[in-house]
Every structure is written in C-alpha cells, then in structure tokens.
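> from the sequence below, what's the structure:
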Amino acid sequence: MTELKEIDINCKGLFDYYLSLFEPTVSDLTFTNLFMWRYYYRFKYIIYDNYLNILAFPAKDEPYALVPIGEKDEKKMKKAIMNLIEIMKENGIKPLFRKVGDEYIKFFSDVADDQSIIFDRGNSDYLYRTEDLINLPGKKYHAKRNHISKFNKLYKSEYEPINSSNISECYSIMEMWCRYRNCECSYGEYCEKHANMELLNNYEKLGCKGALIKVDGVYQAFTVGEMLNRDTAVIHIEKANFEIHGLYAVINQRFCMEQWKDTLYINREQDLDQEGLRKAKLSYHPIKLVEKYTVIPNK
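Residues are numbered from 1 along each chain as shown. Model prediction:
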C-alpha cells in the first residue's frame, strides 16, 4: 500500500490524467510545478484507491502531503484523505497537509476542526482577469500603461514564442537575472534558478507555452506558462532585465494577449511573503486571492 515512488518526466501522462479529473485551482497542482521543484521538495507519490497522493520531504522542513488528487466527489475525497493519513502514519510521518486550496477545506471536516486549519497567506495565489492584464483598463492601471508607453518610445521590441531554435536565450536571461539576485543555491535551499532550469531543460516534454522579448535586437526577457484548468492559465516563470524600464509590464501584457486571450483568468502564483513580490503582484489588481491553508488533522 505504501510504496512511495519518485517523480520523473515519465510521470506526466499519469499525473495529467488525475489532474484532469480534479480541475485544480491552485498553482502547485500542475505536473510542471511538481516536476520543476521535485529536488527541493523531494516529492514522492503513490496511486491508491484511484487517487494520486503526493508527499513532500523538504530537506529543511517537516514532511507534508498535498490534497489527494482525483474525482471531486465529497464522499470519495474524504475517504482519500483518510487513506492518505494512514499512508503518512505507516511511513512514520506526522499527518500534515499544506497548500490546501480553500475549495478543498470542506473535505477535511471529518479529520480537522477550525483551530487546526491555518491560513497560509504567503502561499496563496493571485488570480486576475485575463482581459484586465491585456487591456489594462481604467485609472488603476494608469501607471502600467505609462510604463509600456515609455518603453515603446525608448526601444524597438520583438515578441517570439519559445521554440527549439531560441530556447537557449532563456538560459542566458536566467543567468543574467541570477547575477542581479545572487541566486546561487546550496542543497536544500529554495532555488528558483535550479527549478527554472529543470523546466527549460524539459520544455517540449512538459508541453508549456512561452515567449521571449527582444529589445533593440537582443533577447532580454522570457516567460513560461500553461493551462491550470479549463478557463485559467498559470504563469510559472517571468524573468527580464531589471535595467530596461517597463520590460516586465511589456512581457506580461504581450504574453497574455498573444497566448492566453481565450482564457478567462490568469493565476500568477504566490508571493512567499516577499514584500517586493507582493507589491508587484498587488499592483496588477487581482480579483481574488486563491487562498491556501495548512491542515493539521486532530480528530
């Protein structure tokens, strides 16, 4: 029952099947996200009773589980949660669930009370209307429109979808970004560089969509995303040259317009309680936070 397996690229078809049944709303629940962060979180999984169960064993934190992934039938979900609690116990793990989306909390009523369900602001996702990110309407987006207008006056830019002929430029931009951020990481640390390189190294197999921006003939920004559910896209990576005014605003708008115009919403993931990142995400005026919780079973 409790043979836990490692995640690798060959798991994509299996994971996508269960995720399609689940229609997730939180950014953590895509195969891409799980795959690119697998070395940091040290994810393992088991299929049991027609549910995909994922456990994390981060080097510098206690183990935990994600919500079971499968059919969203309340009775079946509650049973799947009980099964996963037993799997954790059998593996010597104190039952604990993290990054549980608000719509899934109701499935934990048999195992946790209100005092053991804790809001996780730093991991909650920002959700936007796609049309807002494309059109930047009204007074609240005035500054964003000005940034883009100034950029267009100062520079000549070109938009290119990522493909096999230009993906190497993403590596160069990632390295440039890391020089600004001093993001060399040691084992067990939360490392965007390593995770993003995992995505880029497996870009075609993961089935993501991405774009690059050239500024005056030089590649200076890239972004990558995919569909999260039938009406929402999720943006996994957005990196640009900090020194080019308005470039982040430009690539954000262009990617939404060129790639995601047929979606209703864009999920731009969490801020991890980083003040600068929170300010940037709020500046685009999300329609809501997709709230996530930590659940400590106590029943």
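
> kindly confirm my reading that residue 285 is in a helix.
No. Using DSSP: H, G, I helix; E, B strand; the rest coil, the assignment for residue 285 is coil, not a helix.

> that one is in contact with residue 127, isn't it?
No. Counting by CB atoms under 8 Å, residue 285 sits too far from residue 127 to count as a contact (10.9 Å). The way it works is simple: take the backbone N, C-alpha and C, and place the C-beta from them, glycine included.

> low-confidence stretches in the stretch 1-150 of the chain?
1-2 (pLDDT under 70).

> sorry, back to before: who has more neighbours, residue 285 and residue 127?
residue 127 (20 against 16; other CB atoms under 10 Å).

> doesn't that one lie inside a helix?
No. With three-state DSSP as the criterion, residue 127 is strand rather than part of a helix.

> from the structure, what's the count of residues near residue 175?
Neighbour tally, residue 175, other CB under 10 Å: 12.

> give me the pLDDT for it.
Note on residue 175: pLDDT of 91.

> mind checking the SS state of it?
helix.

> numbering from 357 from now on, please.
Got it, first residue is 357 now, which makes that one residue 531.

> from residue 556, how far off is it?
As for residue 531, its distance to residue 556 is 11 Å (criterion: CB to CB, to the nearest Å).

> do residue 548 as well
For residue 548 relative to residue 556 (CB to CB), the value is 12 Å.

> repeat for residue 532
Taking CB to CB, one finds residue 532 at 14 Å from residue 556.

> neighbour-wise, which of the two wins?
residue 556 (21 against 17).

> what's near enough to touch the more buried one?
Residue 556 is in contact with 523, 526, 527, 530, 580, counting by CB atoms under 8 Å, 6 or more residues apart in numbering.

> and these, which are buried?
523, 526, 530, 580 (16 or more other CB atoms under 10 Å).

> how many neighbours does the residue lying closest to the last one once chain neighbours are set aside have?
Going back to what we said before, that points to residue 580. Closest residue to residue 580 apart from its sequence neighbours, by CB to CB, 6 or more residues apart in numbering: residue 566 at 3.9 Å. Number of residues near residue 566 (other CB under 10 Å) recorded here: 24.

> would you report the backbone torsion angles of residue 566?
When read as degrees, to the nearest 10, the backbone of residue 566 gives phi -150, psi 170.

> what do you get for residue 620?
Dihedral angles (degrees, to the nearest 10) for residue 620: phi -90, psi -30.

> what's the helix or strand for residue 377?
helix 368-378 (DSSP states H and E).

> figure out how far the helix or strand that that helix is followed by is from the centre of its chain.
Per DSSP H and E, the first helix or strand lying C-terminal to helix 368-378 is helix 387-392. Centroid separation for helix 387-392 versus its chain: 8 Å, with CA atoms, centre = their mean, to the nearest Å.

> can I get the CA coordinates of whichever helix or strand comes after helix 387-392 in PDB?
Reading on from helix 387-392 to the C-terminus, the next helix or strand found by DSSP H and E is helix 394-397. Output in PDB follows, covering the C-alpha atoms of helix 394-397 (Å, rounded to 0.1, in the frame of the first residue of the first chain):
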ATOM      1  CA  ARG A 394      11.000  18.000  -7.200                       C
ATOM      2  CA  TYR A 395      14.600  18.300  -5.900                       C
ATOM      3  CA  TYR A 396      13.800  20.900  -3.400                       C
ATOM      4  CA  TYR A 397      10.600  19.400  -2.000                       C
END
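
> residue 514 and residue 570 touch, don't they?
Yes. Assessed by CB under 8 Å, residue 514 is found in contact with residue 570 at 4.1 Å.

> if you count surrounding residues, which of the two has more?
A side-by-side neighbour count of residue 514 and residue 570, using other CB under 10 Å, places residue 570 first with 17 against 11.

> element containing that one, please.
With DSSP H and E as the test, residue 570 turns up in strand 565-571.

> what average pLDDT does the next helix or strand after that strand get?
Next helix or strand after strand 565-571 toward the C-terminus (DSSP H and E): strand 574-585. Across strand 574-585, pLDDT averages out at 98.

> go through strand 574-585 and flag the buried ones.
575, 576, 577, 578, 579, 580, 581, 582, 584, 585.

> ok, these vs residue 504, which is closest?
Ranking the buried residues of strand 574-585 by separation from residue 504, with CB to CB as the measure, puts residue 577 on top at 13.1 Å.
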